[in-house]
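**Student:** Got a predicted structure plus its sequence, pasted below:
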Amino acid sequence: RTAITLPKLREMRARGEKIAMLTCYDATFAQVLDEAGVDTLLVGDSLGNVLQGRTSTLPVTLADMAYHTECVARVQPAAWLIADMPFGSYENGKGVALDSAVTLMRAGARMVKIEGGGWTAEIVSHLVARGIPVCAHLGLTPQRVHAIGGYRVQGKDADSGAALRREARELAEAGAAMMVFEMVPAALATEITNDNPELMTIGIGAGGGTSGQVLVLHDMLGLGSGRKPRFVRNFMAEGGSIAAAIGRYVAAVKDGSFPQADVHTY
Ligand code: KIV
Ligand code: NA
């Protein structure tokens, strides 16, 4: 497989081929996911939950993120590699944010992801101007869970929907090439996707109208106890190998059969 680059992802977006993303935190899974045809790997700070057993992502450090990014990058995946900027690594301003992003890029990331709305626009443009591709993250932003008051759907009413549309526009204008929408109504994510044709939109609990999908790896493999959010589908349920389950995920994202409007969507 030849390396997936930013221009290749933009071409996929332009011709309507859905982008399949999964989280990935280690070398072994990086190889499995890469061979199964996953387009982009996200070293998500969800590693705080699924690897470290924490109840939120807030304690995850930049050193944690750099370590796992190195583990994934070491297998030199063809897939595009994105690393999350963890809580506390960018909020204090663009200088701190650049230092943090440099750490992750040196660890092997090709793009960094930043949670937050319009207030992150100046950070995004600072990084993009210095050659660091940025993915924004709107809707439910788990690093802000205590301010939000729980893991719940965002942008449901007219006012918060309009705010989300505006923030998406600001971040796109600041140079964000990609944007994750987490737990927002499908209609809203679809509208923002159609209004911003240059932007690669990736949904998680945001319906099938975005230009790509992401899930937490452990969730889509049916691992872990506790109730899963409704947007999760267990791709291991049909049995077979982990590689086969990942392959089913990629195929379902590409052919539009995941997410299902009446099952995985708000
Ligand atoms: O950390 C993570 O896994 C994420 C995805 C859910 C988008 O940010
Ligand atoms: Na994250």
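**Tutor:** Done, it's in. Ligands and ions are numbered 1, 2, ... in the order given.

**Student:** what about the closest residue to residue 238 other than its chain neighbours, helix or strand, and which?
**Tutor:** The spatially closest residue to residue 238, leaving aside those adjacent along the chain, is residue 248, at 6.9 Å (Cβ to Cβ, 6 or more residues apart in numbering). Heads up, the C-betas are built off the backbone N, CA and C, glycines and all. Per DSSP states H and E, residue 248 falls inside helix 242-255.

**Student:** do the same with residue 162
**Tutor:** In this assignment (DSSP H and E), residue 162 forms part of helix 158-173.

**Student:** quick one: that helix to chain centroid distance?
**Tutor:** 18 Å (Cα atoms, centre = their mean, to the nearest Å).

**Student:** and it, what does it pack onto?
**Tutor:** helix 121-129, strand 134-139, strand 178-182, helix 186-195 (3 or more Cβ pairs under 8 Å, 6 or more residues apart in numbering; DSSP states H and E).

**Student:** Throw the ones you listed into a markdown table and include distance to residue 47, thanks.
**Tutor:** Below are the helices and strands packed on helix 158-173 laid out as a markdown table (distance: least, Cβ to Cβ, whole Å):
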| stretch | distance to residue 47 |
| --- | --- |
| helix 121-129 | 22 |
| strand 134-139 | 15 |
| strand 178-182 | 16 |
| helix 186-195 | 25 |
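
**Student:** and the ones you listed as JSON lines, adding mean pLDDT, mean neighbour count and distance to ligand 2?
**Tutor:** Shown next, in JSON lines, are the helices and strands packed on helix 158-173 (pLDDT from 0 to 100; neighbours: other Cβ atoms under 10 Å; distance: least, Cβ to the ion, whole Å):
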{"stretch": "helix 121-129", "mean pLDDT": "98", "mean neighbour count": "20", "distance to ligand 2": "16"}
{"stretch": "strand 134-139", "mean pLDDT": "98", "mean neighbour count": "27", "distance to ligand 2": "7"}
{"stretch": "strand 178-182", "mean pLDDT": "98", "mean neighbour count": "27", "distance to ligand 2": "8"}
{"stretch": "helix 186-195", "mean pLDDT": "98", "mean neighbour count": "20", "distance to ligand 2": "17"}
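
**Student:** and the next element down the chain from the helix or strand containing residue 71?
**Tutor:** Element membership of residue 71, judged by DSSP H and E, is helix 62-73. Sequence-wise, the next helix or strand downstream of helix 62-73 (DSSP H and E) is strand 80-84.

**Student:** Sheet partners, orientation included, of that next one?
**Tutor:** As defined by DSSP bridges, the strand partners of strand 80-84 come to strand 40-43 (parallel), strand 111-115 (parallel).

**Student:** among the ones you listed, which is the most enclosed?
**Tutor:** Among the strands paired with strand 80-84, strand 40-43 has the highest mean neighbour count (mean count of other Cβ atoms under 10 Å), at a mean of 29.

**Student:** quick one: average pLDDT of it?
**Tutor:** Mean pLDDT, computed over strand 40-43, is 99.

**Student:** Check stretch 248-266 too.
**Tutor:** Mean predicted confidence for stretch 248-266 is 96.

**Student:** Briefly note if it comes near ligand 1.
**Tutor:** No - Stretch 248-266 stays clear of ligand 1 (Cβ under 6 Å from any ligand atom), getting no nearer than 13.7 Å.

**Student:** With respect to ligand 1, which of the helices and strands packed on helix 158-173 lies nearest?
**Tutor:** Nearest to ligand 1, of all the helices and strands packed on helix 158-173, is strand 178-182, at 4.8 Å by Cβ to the nearest ligand atom.
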